[in-house]
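K.L.:
Below is the structure, and that's it, no one-letter string:
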Ligand code: RIB
């Protein structure tokens, strides 16, 4: 494998001149550059990433931190991040904190130690931006979080509050009056924004949702949704519809409904939030609020790269629209009397 010394020898110049020519950091005469380029070509010289980083001060790497790589939402988002980064010549290091907030600080420190050129904090806890060390100079973009949690770093996110409102409109249009909520983790601002939009819009329709019909899933996961749904549906058998803070929580609700022998959508309508690809495949297929997941990924990379090379680039809108996707988990509310029995956790029917 040839080295920079071989290139310098063949081109008849010093190693310093070769490194100046390759990094573009100092001017090198055209003739000399041509000789160096010929030598590089003839020797098939491949500068190491480490050498390039030392010459340019760039690792050509973005660091992306997500809370849960097993959630398809983050898989889809990361796939968009990687391809947008790749098309600009950047590699991506992905760290998943496995929903453990104590891991976030360590992962942020690891990305900084690797000298990534920019950090994307994606769907992290609301204090994650505070883990960025004080002297950190490279760009940080906060993705899928509310601006209140961004510590002043640029953000890209969906309109979470609007998503909650659209879900409320949909359930009201279907005639649901007895509506419950499986909210997201109480400490996360995006979950709070969805909940606020939903509750406020229900109030506008004259159907306020009392606290007794709401329960928070501790995490954006199926098991959390299953547990919360079991508890809500056994306590409130009169519910005809549930708004769930994300699709995984909604799958938990579908599961709980099936265990409790509640038919979806005949007896209970379920609506999610995200529109991950699995939602068009589960049975019944899930009605949900669609987030532009790929676009979130693209815009976050565009913001990071723009900050790395500021110029007269196009402004990037940090707020993405959401929309309703109607599938088969929601239907018109039953008009006949609701069952009066309540259920226990063991699915025995109590009169
Ligand atoms: O499914 C993961 C959830 O966490 C999504 O709703 C996303 O917006 C988020 O923050």
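P.N.:
Received the coordinates, thanks. A quick note: this is a predicted structure, and the numbers were derived from the prediction, not measured.
K.L.:
Around the ligand, which positions in the stretch 1-150 of the chain sit nearby?
P.N.:
71, 73, 123, 144 (Cβ under 6 Å from any ligand atom). Glycine gets a C-beta too; all of them are placed from N, C-alpha and C.
K.L.:
Tell me which of the residues you listed fall in helices.
P.N.:
Among those, the members found in helices (DSSP state H) are residue 73.
K.L.:
List the residues that contact residue 214.
P.N.:
Contacts were defined as Cβ atoms under 8 Å, 6 or more residues apart in numbering; by that measure residue 214 touches 180, 181, 183, 195.
K.L.:
Kindly recompute the last result at 10 Å.
P.N.:
179-183, 195, 198-199, 228, 232, 236, 242-243 (Cβ atoms under 10 Å, 6 or more residues apart in numbering).
K.L.:
What segments of this structure are strands?
P.N.:
Remark: strands assigned in the chain by DSSP state E are 61-66, 91-96, 118-122, 140-143, 155-158, 179-183, 214-216, 241-244, 269-274, 287-290, 319-320, 323-325, 342-343, 349-350.
K.L.:
mean pLDDT for those strands: which is lowest?
P.N.:
Among those, strand 349-350 carries the lowest mean pLDDT, at a mean of 36.
K.L.:
Give me the phi and psi for residue 48.
P.N.:
The phi and psi values for residue 48, taken as degrees, to the nearest 10, are phi -70, psi 150.
K.L.:
thought it was touching residue 2?
P.N.:
No. With contact defined as Cβ atoms under 10 Å, residue 48 does not reach residue 2; the gap is 11.7 Å.
K.L.:
Looking at these two, which is more packed in?
P.N.:
Taking other Cβ atoms under 10 Å, residue 48 and residue 2 do not tie; residue 2 has more neighbours (15 against 11).
K.L.:
Name the nearest residue to that one, ignoring sequence neighbours.
P.N.:
Closest residue in space to residue 2, ignoring its immediate chain neighbours: residue 43 at 4.0 Å, by Cβ to Cβ, 6 or more residues apart in numbering.
K.L.:
And for residue 195?
P.N.:
Excluding its sequence neighbours, the residue lying closest to residue 195 (Cβ to Cβ, 6+ apart) is residue 183, at 4.8 Å.
K.L.:
Next: residue 160.
P.N.:
Excluding the flanking residues, the one nearest residue 160 by Cβ to Cβ, 6+ apart is residue 193, at 3.9 Å.
K.L.:
related to what we said a few turns ago, among the contacts of residue 214, which one has the most neighbours?
P.N.:
Neighbour max across the contacts of residue 214 (other Cβ under 10 Å) = residue 242, 34 neighbours.
K.L.:
what pairs with that residue across the strands?
P.N.:
Note on residue 242: beta-bridge partners by DSSP bridges are residue 180, residue 270.
K.L.:
show me the contacts for it.
P.N.:
When contacts are counted by Cβ under 10 Å, 6+ apart, residue 242 touches 171, 176, 179-182, 213-215, 225, 228-229, 232-233, 236, 249-250, 253-254, 256-257, 264, 268-272, 329-330.
K.L.:
which of the residues you listed are close to the ligand?
P.N.:
Within the contacts of residue 242, nothing lies near the ligand by Cβ under 6 Å from any ligand atom.
K.L.:
residues in the stretch 251-351 of the chain within reach of the ligand, list them.
P.N.:
So the stretch 251-351 of the chain meets the ligand at 273, 274 (Cβ under 6 Å from any ligand atom).
K.L.:
show me where pLDDT drops low in the stretch 251-351 of the chain?
P.N.:
The model of the stretch 251-351 of the chain has pLDDT under 70 over residues 312, 335-351.
K.L.:
what ranges do the helices span in it?
P.N.:
293-308 (DSSP state H, counting those that start in this stretch).
K.L.:
For it, which residue gets nearest to the ligand?
P.N.:
Minimum separation of the stretch 251-351 of the chain from the ligand (Cβ to the nearest ligand atom) falls at residue 274, amounting to 4.7 Å.
K.L.:
Once you drop chain neighbours, what's closest to residue 110?
P.N.:
Distances taken as Cβ to Cβ, 6+ apart place residue 95 nearest to residue 110, at 6.8 Å, with adjacent residues excluded.
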